[in-house]
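Student: what follows is a protein structure lacking sequence information:
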């Protein structure tokens, strides 16, 4: 028998997958090129959300202009993160790099608490809802889903059709050789950090329509984004994209038929099993 | 002769100066004795904005007031404020730090039940006195027979029982249904607090014969509650009983509205639902006619129902609260709750420990707490105080505390349950103007 609630849960899963895919995109790009995991990625998004809040709600900047400014702000934070924290540790042990970006996570949380206070803030914008039969589809989520797709295509085209994109891919394939062939790896890292930050900023513009912002909002997204990247294969953008939808569907449909928490239990069990079966990620080719 | 006269004059002057200095000494310096109290709340992290910071403010207002009025029986209160950062491990570490390094005489506060449960056991191991002003989960005390942990607040199950008792009483009148036909959904955060309140909801529903169509927990940091919304739509509840903190409440309300969830009434159970200012900032006018279970706001207690002097204290707390947070729309019950429960300790337990039991050590404070016998109307919250002895299942629990149900109507909160304290009849069907109203 046709179950409209199952269909609604499946659609909600796809829309949640869009949000998660968007979150994973920037993190994967940075890891793929620079080989460093930005543990503080969700906190960069949080800063972008605050940027949106202040620009739109306090300074009454039109939404689209505020979005461009926020994306630029977080892109700049990405560049600063690279210059101040990552660059000095490029040749350090991976654990040191992780700890350093973990430190930035704590720093950004504390900074946001001091600067913005502990209150929950939101734009107060109510997006319309699309009603089909008895199903309701959130426009804000649909927007995030569409943007995730567009972002994915945009990043793909950039990487495959531009000289800088080709250089980025080349660096990602071999960090040692490319500088010998005349590629300025420092410049490529900075561009990649700016794009990674910009993608975090883009996510912030969309998330601020769905979530209240507070200094610890990163805790909601950080761990799950990281798991999706690992599940898709760290650095593999298409893998991350697919993993986001698989994860979201397990959570959404699992949560419909059992206790909500069981949806997450299944998602995490799936993650653990896949780590055994395909430790290099869902779409990784066997060596 | 002249020299002797001069010496006398100098001596007299010295005496006068000494007397003058003694008169000018502030009470704090004049008192040598002090009681060091470690005050633990979440000042950062999600619980801070969920109400914990307001509780900290309530405690601070009351301690500052008591100190400004000479302290307690010659003792100055020396508070050391600590931040549990909304993390149970940090709450335990801070409690231990306060005891071992700051050498506090006792601990006071604690917002989150998830922090309270392990911290109470740890503090008990140190044989230190712990006065809980806020966290409500039954497991903090239930079957643990703690000697030094006392709670002025009601306990979680009472929250769940209050809302279901009201629904049972009003089922026919408000919904035109027998209780067995009233469809009730219980949703809650899955920590100690939410689980305990939901237990009370389930118990109360069973007792009243209500039809529970869904009973489900979720993680407070969940990024998505749309599955829960879909399940609720499938279960078609008349009433939703919700227990949560703040980020999860606003996420649920937003996704419920976008997901087309309709119901006739929503009753929250403290925490995020009690801070109306933040609730409204998050969900706007959608929260009009929502209800909330918590101890009554001290500003809603009728002054004539209180013992003499308490109404003036209530006024003072409100004035200090507004000074600290001038942009407040509605005085939050959180601040009053903490202020009242702190004052209960400072006015009933501490003086008794000093006068009757000779000091401020944990044993003296414990004995004094067990001697407390405050009748109804004896606290700012209106209820009385009497604590369960050590051999009781809920040792350390205030048996005379109870929550009430309030309803938010046009930016005002009215007590709607129990009947004895009712300020107006509850509106148990959301008006058509509400986006959640079942048409």
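Tutor: Looks like it came in fine. Predicted, not measured: the structure shown is a model, and the values here were computed from it.
Student: tell me what the lengthiest helix in chain A is packed against?
Tutor: In chain A, ranked by residue count with DSSP state H as the criterion, the top helix is helix A:4-34. Under the contact criterion of 3 or more CB pairs under 8 Å, 6 or more residues apart in numbering or on different chains; DSSP states H and E, helix A:4-34 touches helix A:41-53, strand A:135-138, helix A:139-161, helix A:163-173, helix A:185-207, helix A:218-232, helix A:237-257, helix B:226-235. In short, each C-beta sits where N, CA and C put it, glycine included.
Student: list the buried residues of it.
Tutor: The neighbour-count check on helix A:4-34 (16 or more other CB atoms under 10 Å in any protein chain shown) flags A:5, A:8-9, A:11-34 as buried.
Student: output the lowest mean pLDDT helix or strand found in chain A.
Tutor: Within chain A, no helix or strand scores below helix A:177-180, which has a mean of 78 by mean pLDDT, DSSP states H and E.
Student: quick one: distance of that one to the chain centre.
Tutor: Mean-position distance between helix A:177-180 and its chain equals 29 Å (CA atoms, centre = their mean, to the nearest Å).
Student: which strands or helices does it pack on?
Tutor: helix A:163-173.
Student: packing partners of the helix it packs on?
Tutor: Counting by 3+ CB pairs under 8 Å, 6+ apart, the packing neighbours recorded for helix A:163-173 are helix A:4-34, helix A:139-161, helix A:177-180, helix A:185-207.
Student: give me every residue that touches the residue of the stretch 251-400 of chain B found nearest chain A.
Tutor: When scored by CB to the nearest CB, the stretch 251-400 of chain B has residue B:260 as its residue closest to chain A, at 3.7 Å. Residue B:260 makes contact with A:129, A:131, A:134-136, B:233 under the criterion CB atoms under 8 Å, 6 or more residues apart in numbering or on different chains.
Student: quick one: buried ones out of these?
Tutor: Among the contacts of residue B:260, those classed as buried by 16+ other CB under 10 Å are A:129, A:135-136, B:233.
Student: so can I have CSV of the residues you listed showing pLDDT?
Tutor: Listed next are those as CSV, based on pLDDT from 0 to 100:
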residue, pLDDT
A:129, 86
A:135, 83
A:136, 87
B:233, 94
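Student: quick check, nearest of those to residue B:417?
Tutor: Proximity of those to residue B:417 (CB to CB) peaks at residue B:233, which lies at 27.7 Å.
Student: excluding chain neighbours, give the residue nearest to the closest one in space.
Tutor: residue B:261 (5.6 Å; CB to CB, 6 or more residues apart in numbering or on different chains).
Student: which parts of chain B are strands?
Tutor: B:34-41, B:76-83, B:106-109, B:129-132, B:149-151, B:183-189, B:211-218, B:239-243, B:265-268, B:291-294, B:404-409, B:412-417 (DSSP state E).
Student: for chain A, which of those is the nearest?
Tutor: Taking CB to the nearest CB, strand B:211-218 is the member of those nearest to chain A, at 4.7 Å.
Student: wait, does that closest one contact chain A?
Tutor: Yes: Strand B:211-218 is in contact with chain A by CB under 8 Å from any CB of the partner chain, via B:216-218.
Student: for that strand, the distance to its chain's centre please.
Tutor: In terms of CA atoms, centre = their mean, the centre of strand B:211-218 is set 26 Å apart from its chain centre.
Student: got it, and stretch A:13-28?
Tutor: Mean-position distance between stretch A:13-28 and its chain equals 6 Å (CA atoms, centre = their mean).
Student: average pLDDT across it?
Tutor: Stretch A:13-28 shows a mean pLDDT of 89.
Student: so which of the residues of strand B:211-218 next to chain A wins on neighbours?
Tutor: Among these, residue B:218 has the most neighbours (other CB atoms under 10 Å in any protein chain shown), with 25 neighbours.
Student: retrieve the pLDDT associated with the closest residue to it other than its chain neighbours.
Tutor: Leaving aside its sequence neighbours, residue B:218 sits nearest to residue A:260 (CB to CB, 6+ apart; 4.7 Å). Looking at residue A:260, its pLDDT is 85.
Student: returning to that earlier point: mind putting the residues of strand B:211-218 next to chain A in TSV, distance to residue B:372 and pLDDT included?
Tutor: Below are those laid out as TSV (distance: CB to CB, whole Å; pLDDT from 0 to 100):
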residue	distance to residue B:372	pLDDT
B:216	39	94
B:217	35	94
B:218	38	94
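Student: for the stretch 101-250 of chain B, what lies in contact range of chain A?
Tutor: Contact residues (CB under 8 Å from any CB) of the stretch 101-250 of chain B with chain A: B:190, B:216-219, B:221-228, B:230-231, B:233-234, B:246-247, B:250.
Student: among those, the buried ones, what's the ChimeraX command?
Tutor: Only the buried members of these enter the following ChimeraX selection, criterion being 16+ other CB under 10 Å:
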select /B:190,216,217,218,221,222,223,224,225,226,227,228,230,231,233,234,246,247,250
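Student: what is the burial count for residue 141?
Tutor: Picked chain A for this. By other CB under 10 Å, 25 other residues sit near residue A:141.
Student: if you could check chain B rather than the one you did, that'd help
Tutor: When neighbours are defined as other CB under 10 Å, residue B:141 has 24 of them.
Student: and for residue B:97?
Tutor: Around residue B:97 there are 15 other residues, counting by other CB under 10 Å.
Student: ok, it touching residue B:82?
Tutor: Yes: the criterion here is CB atoms under 8 Å, and residue B:97 meets it with residue B:82 at 7.4 Å.
Student: what pairs with the closest residue to residue B:108 other than its chain neighbours across the strands?
Tutor: Take residue B:108 and drop its neighbours on the chain: the residue closest to it by CB to CB, 6+ apart is residue B:131, 4.5 Å away. Residue B:131 forms beta bridges with residue B:108, residue B:150, as assigned by DSSP bridges.
Student: tell me which element residue A:125 is part of?
Tutor: Here residue A:125 sits in a region with no helix or strand, counting by DSSP states H and E.
Student: need the contact list for the residue nearest to residue B:233.
Tutor: B:229, B:232-233, B:436 are the contacts of residue B:261 under CB under 8 Å, 6+ apart.
Student: between those residues, which sits nearest residue B:202?
Tutor: Top of the list for closeness to residue B:202, among the contacts of residue B:261 and by CB to CB, is residue B:232 at 16.7 Å.
Student: could you report the neighbour count for that closest one?
Tutor: Counted by other CB under 10 Å, the residues lying close to residue B:232 total 23.
Student: ok, it touching residue B:214?
Tutor: Yes: counting by CB under 8 Å, residue B:232 does reach residue B:214; the two are 6.4 Å apart.
Student: so for these two, which residues contact both of them?
Tutor: Shared contacts of residue B:232 and residue B:214 (CB under 8 Å, 6+ apart): B:185, B:187.
Student: contacting residues for residue 131?
Tutor: In the absence of a named chain, this looks at chain A. Taking CB under 8 Å, 6+ apart as the criterion, residue A:131 is in contact with A:137, B:260.
Student: if you could check chain B rather than the one you did, that'd help
Tutor: B:106-108, B:150, B:152, B:341-342, B:345, B:349, B:369.
Student: if we go to 6 Å?
Tutor: By CB atoms under 6 Å, 6 or more residues apart in numbering or on different chains, the contact set of residue B:131 is B:108, B:150, B:345.
Student: and the residue of the stretch 151-287 of chain A found nearest chain B, how many neighbours?
Tutor: The nearest approach of the stretch 151-287 of chain A to chain B comes at residue A:255, 3.4 Å away (CB to the nearest CB). Number of residues near residue A:255 (other CB under 10 Å) recorded here: 29.
Student: how about residue A:211?
Tutor: By other CB under 10 Å, 21 other residues sit near residue A:211.
Student: what does the one 5 residues further on give?
Tutor: Neighbours of residue A:216 under the rule other CB under 10 Å: 25.
Student: got it, and the one 4 residues further on?
Tutor: Burial of residue A:220 is recorded as 24 neighbouring residues (other CB under 10 Å).
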